[in-house]
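1. Kindly return the folded structure for what I paste below:
(2 chains)
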Amino acid sequence: MRPRWRKVLSDLIDNKARTTLVVLSIAVGVFAIGVIAGAYRIISDDMSVSYAANNPSNIEIRMDDFDEDFLNTIRKFDGIKEAEARRVFNTRVRPLGETLWTSVDVVTMEAFEANEVNLLVPISGEIVPLKNEILLERDVLEKMDVVPGETLEVQLRDNSIKTIYVAGIVQDSSTGAVDFLAPPLAYISTDTLKLFDQPELFNRVFATVEIGQDDDNHINIVLSALKEKIEKNDYEVGRTFRSLTHQHPLESTINAVLGILMALGVLIVFLSSSLIANTLSALLTQHLRHIGVMKLIGGRDKIIFRMYLILLLAFGVLSLLVAVPLGGQGAYALAQFIANKMGFLLLGYRIVPLSFFIQIAVGLLVPLIAGFVPVIKGSRVTVQKAISGDTSGETSEQAEGGANKESRIDEIQLKVTRILADRGIRIQRPLLVSLRNTFRRRGRLMLTLFTLTMGGATFISVFNVRVTLHEYVKDVGNYFLADVTLDFDTPYRVSEIEQFARQDPRVTHVEGWAFSGADILYPDGSTADNVSLLAPPAGSDLVNPLMVAGRWIEADDKKKLTISEGIYDLYPDLEVGDYLPLKVNGKEESWEVVGVFKFIGMEGILGYAPYEYISRDQNLANRSFSYRIVTEQHDRGYQEMMAEDMDAYFRESGFHVQEATPGLSTLDSASESLDILISFLLIMALLTAVVGSMGLAGTMSMNVLERTREIGIMRAIGATDWEIIRMVIIEGLLIGMISFGLGIVLAVPFTYGLSWIVSTAIFETPIAVIFTPMGYFIWLGLVILLSVLASVIPARSAARLTIREVLAYE
Amino acid sequence: MTTSTQTFPLIQLRDVVKNYQSEAGVFPALKTINLSIERGEFLGIIGKSGAGKSTLLNMFTGVDELTSGEVIVHSSGESVSLHNLNENDLALWRGRTMGVIYQSFQLLPMLTLVQNVMMPMDMSGLYHPRKSRERALELLDMVELIEHAHKLPAYISGGQQQRVAIARALANDPPMIVADEPTGSLDSVTADHIFQLFERLVQSGRTIVMVTHDKGLMPRFSRHIEIVDGELLSEGGIQ
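-> Predicted structure coming up:
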């Protein structure tokens, strides 16, 4: 091997700690980018393919009970390709011998063998349930432990309990995909309906369109016409959903989340590149004498440049060896995790070429770009400067051939020290040395501070965003303030239910609510979307809305509503006082918008109108299907207990209870999804913190290494090991504290930016930002710990050297 | 600027001035130096610390820039005005024409002795890699270090390191060697060995310019010049 390449190899392997630091700095960024790019690609490819493979319905209609004959009418409807009917009802199940009930939506299918729409994918056991058998959707397993062959108990409307055999576990990526907050699903055949005391009728239509399966406009036209046809046949349509065949309903949300993670990945690469620049700059400073020797014996700029370029490439290649396999595994694991959560299957493990090439490009280019300036500077240094080890410009200014000038920071330090001394405050000399050392290499300090500050600001912001999102979900909980929601199959008088409920001393308040579905129309009369109209009594305290404009509902409002912000997607210029064309109970009407409130965008458009008006309009004055009950205590456990008790109590009293649900359960899925996102954000924040701390560790070891001789001299004139260690630790702490101060400031815009991006992606609306001290305290603790750790190792090694060794150091 | 000639001395310094700028004002390190060095000479430049001897040596090697004047080297049928060459051309020229030795040896610590000696040949491209290895081993043999050829510099003594530096200086077979206090950090016995090595090189036809503060070495040079406060004194008087 030629000596020049032998030198490059030695530079690479001799200082293992430095090489590891550089390689890991690059690898962290490459890994992050690889994981996110790979997952992004796998999910974009597989989600649409996997979703489409199950032939998802383009149209879902929730409507009054209908029979096979009417289904045939729908099947023959112009523009409909396939249509299947289901009966979906809610019930509670639990494994035999368990006490805790789990709410499930039971989907009844006419013929599992002939299933063409919303196909089920077998996971284990049977795919076709026989009479009195049930299939469970995979999500049920998150709520309870059950395997095919076991028996479940089901609770019927009359409160009786029956058992049912679990035939298999399936995955249904289509049926539940449109409903973010729906309970998990289970499947039975029509033969089993009797067991559940349910009529052999259907209440949902799942259909595909003949053409334009990925054209939302076309699907909407077919749906509107079909809905009109259904309503003309005297069936009431509750709610409708549209989906494209090749687009998972949550695709845009997932992509937005991955986009955020990608942005953080890029930030990590950016930070790691500044760390690489710092390390390489130090390496070239250490190698200045070597460069001088090589130039002295005939080395030209381009030879030196090429040698260090190869060294940079070698760092890149080593980091790729670490990061590419890990990144590939990580990408698939992340994709698998998201696929599990979103309920679709991946097409199998694979290397994503795009991610592979991005990783290679990042792994090779980042060190080249980051190291370019230090390498070019190093290779162009004159022999005179190199041999004399003169690194002026990097350190304090030095006059040519003269002594070092006192830097401004030294001057300030001197003045402050004098002022303090005049007041009798004496700063110890080693502390002064630490202070001076901190600011000695300003370029390096800036890069270290930049990396650590960015890492810290991201870390703190993630905690703020976490609280912001949870607080928003809590605010959304203000729309669900009741402790128990009690739904009946038939309407009961409000006074009757209230009287019954209040017999339980734990119940403090009862309200009967009305509900109506309506279509929002475009000005041309075509259907734009559905709106679910909730109708609490106008003076109800059980809704505490986040108003964006206008006012809340009032008792004498007629054909007036407040509507969620999602309306702006359809009517961007809508203002309070405008009239909105709605189709309510098959009749086109104009409703005045009296207010607009915030809500989770992906939950569809929600509207509120007063119970006083809606109940009269539905001929249900003073009666209701749905009740909100307030209890003495409001925690989740208490709510669950009360829901069970109310359910049992009303059933025993002969009421036809459909469902009793704890108030906060509605928000469970939303909180769970947020927690997944937050944990990803935290992982990314930790990676940025790791890069930051690696930067600090690198800087401290370089600082100590370069001052080995100085340390030797200090020890020769009486400094103890502890004084040396303390000096270095104080320096590290000082850098950590400066970065913490800067991080606090930078975390403010970071928090606003990140929460805007995340909330727009998740809730489709910007939300009010909340700051929490938690992130600041944790980061402060981490920074102190990291600073001490980053300093103590090089400090200890410096203190361990004998005076003779250090003074001989070159 | 290069001109073809054979009749000139090997090195000519014409009115060389070197000033350093400092906060205190201009500091003249070399004051109008005129000097010619003939082929085969063993020239000693003697002076105290700060007299300007190393600065003068840096003028010969082109390592430092001059304030005014000219340094011309007539070698291999070419006359080269050193300070008219750019940094890269100068590095290549120096690698091929001049061997430089420092008091602190300046070996690359991560390379073995043989690799250190091979380095100038690698940089200048004058020898095939295999040939350069053979030549490096020959040179180490010449300085009696062949048995240490594959050791790192840290594992041999200072005197041995200086002998490696000499072998490295001879790698490209340059007509002249410039040495800055090569015995300054060695004990007297080792220093004497190094000096004997230089004397043998001069006998074999090489030109050596050596800077030292040791007046005791004066008799051993074929010619010596004293430098005081940036001015040259020839034996007994200002030049």
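
2. Any stretches of the stretch 701-810 of chain A with poor pLDDT?
-> Scanning the stretch 701-810 of chain A with the threshold set as pLDDT under 70 gives A:798, A:801-810.

3. repeat that with 50
-> Of all residues in the stretch 701-810 of chain A, those with pLDDT under 50 make up the ranges A:809-810.

4. and what of the stretch 401-550 of chain A?
-> Counting by pLDDT under 50, the stretch 401-550 of chain A contains low-confidence ranges at A:401-404.

5. for it, what spans make up the strands?
-> Counting by DSSP state E, counting those that start in this stretch, the stretch 401-550 of chain A has strands at residues A:484-493, A:507-521, A:527-535, A:547-550.

6. The helix or strand containing residue A:87 packs against which elements?
-> Here residue A:87, judged by DSSP states H and E, is contained in strand A:80-95. Helices and strands touching strand A:80-95, by 3 or more C-beta pairs under 8 Å, 6 or more residues apart in numbering or on different chains; DSSP states H and E, are strand A:59-66, helix A:68-75, strand A:102-109, strand A:151-155, strand A:202-209. Bear in mind the C-beta positions are built from the backbone N, C-alpha and C, glycine included.

7. So which of these is nearest chain B?
-> Checking the helices and strands packed on strand A:80-95 against chain B by C-beta to the nearest C-beta gives strand A:102-109 as the closest, at 67.0 Å.

8. in chain B, which spans are strands?
-> Counting by DSSP state E, chain B has strands at residues B:2-3, B:11-22, B:25-37, B:42-46, B:68-75, B:78-81, B:98-102, B:176-180, B:207-212, B:223-228, B:231-234, B:237-238.

9. nearest residue to residue A:534 other than its sequence neighbours?
-> For residue A:534, ignoring the flanking residues on the chain, the nearest one in space by C-beta to C-beta, 6 or more residues apart in numbering or on different chains is residue A:608 at 5.4 Å.

10. So that neighbour sits against residue A:561, correct?
-> Yes - between residue A:608 and residue A:561 a contact is recorded at 6.4 Å, counting by C-beta atoms under 8 Å.

11. and for those two, which residues touch both?
-> Residues touching both residue A:608 and residue A:561 (C-beta atoms under 8 Å, 6 or more residues apart in numbering or on different chains) are A:533, A:553.

12. what sits against residue A:609?
-> Applying C-beta under 8 Å, 6+ apart, the residues near residue A:609 are A:516, A:533-535, A:553, A:557, A:560-561, A:591.

13. repeat that for 10 Å
-> A:514, A:516, A:518, A:533-536, A:538, A:553, A:557-563, A:584, A:591, A:594, A:617 (C-beta atoms under 10 Å, 6 or more residues apart in numbering or on different chains).

14. swap in residue B:39?
-> So residue B:39 contacts B:8-11, B:74-75, B:175-176, B:205-207 (C-beta under 10 Å, 6+ apart).

15. Narrow these to just the buried residues.
-> Among these, those buried by neighbour count (16 or more other C-beta atoms under 10 Å in any protein chain shown) are B:8, B:10-11, B:74-75, B:175-176, B:206-207.

16. secondary structure class for residue A:561?
-> strand (DSSP: H, G, I helix; E, B strand; the rest coil).

17. Please, which helix or strand holds residue A:34?
-> helix A:16-53.

18. name the helices or strands packed onto that helix?
-> Judged by 3 or more C-beta pairs under 10 Å, 6 or more residues apart in numbering or on different chains; DSSP states H and E, the packing partners of helix A:16-53 are helix A:3-13, helix A:251-286, helix A:301-342, helix A:353-379, helix A:668-706, helix A:773-800.

19. how far is stretch A:147-154 from where the chain is centred?
-> Offset of stretch A:147-154 from its chain centre (C-alpha atoms, centre = their mean, to the nearest Å): 34 Å.

20. Which positions are bridged to residue 80 in the beta structure?
-> Went with chain A since none was named. On the basis of DSSP bridges, residue A:80 is bridged to residue A:209.

21. please go with chain B instead
-> residue B:2, residue B:73.

22. can you tell me the residue of the stretch 251-400 of chain A closest to chain B?
-> For the stretch 251-400 of chain A, C-beta to the nearest C-beta, closest residue to chain B: residue A:298, 1.8 Å.

23. Of the helices and strands packed on strand A:80-95, which is nearest residue A:194?
-> Nearest to residue A:194 among the helices and strands packed on strand A:80-95 is strand A:102-109 (11.0 Å), distances taken as C-beta to C-beta.

24. Kindly calculate the angle that the closest one makes with strand A:151-155.
-> In terms of direction (axes from the mean of the first three to the mean of the last three C-alpha atoms, to 10 degrees), strand A:102-109 departs from strand A:151-155 by 100 degrees.

25. After strand A:102-109, which helix or strand is next?
-> That would be, after strand A:102-109 and using DSSP H and E, strand A:121-125.

26. Quick one: mean pLDDT for that following strand?
-> Mean pLDDT, computed over strand A:121-125, is 88.

27. Who are the packing partners of it?
-> Using 3+ C-beta pairs under 10 Å, 6+ apart, strand A:121-125 sits against strand A:133-137, strand A:161-171.

28. Just give the strands next to the last one in its sheet, each with its orientation.
-> Strand A:161-171 has its sheet partners listed here by DSSP bridges as strand A:121-125 (antiparallel), strand A:133-137 (parallel), strand A:151-155 (antiparallel).
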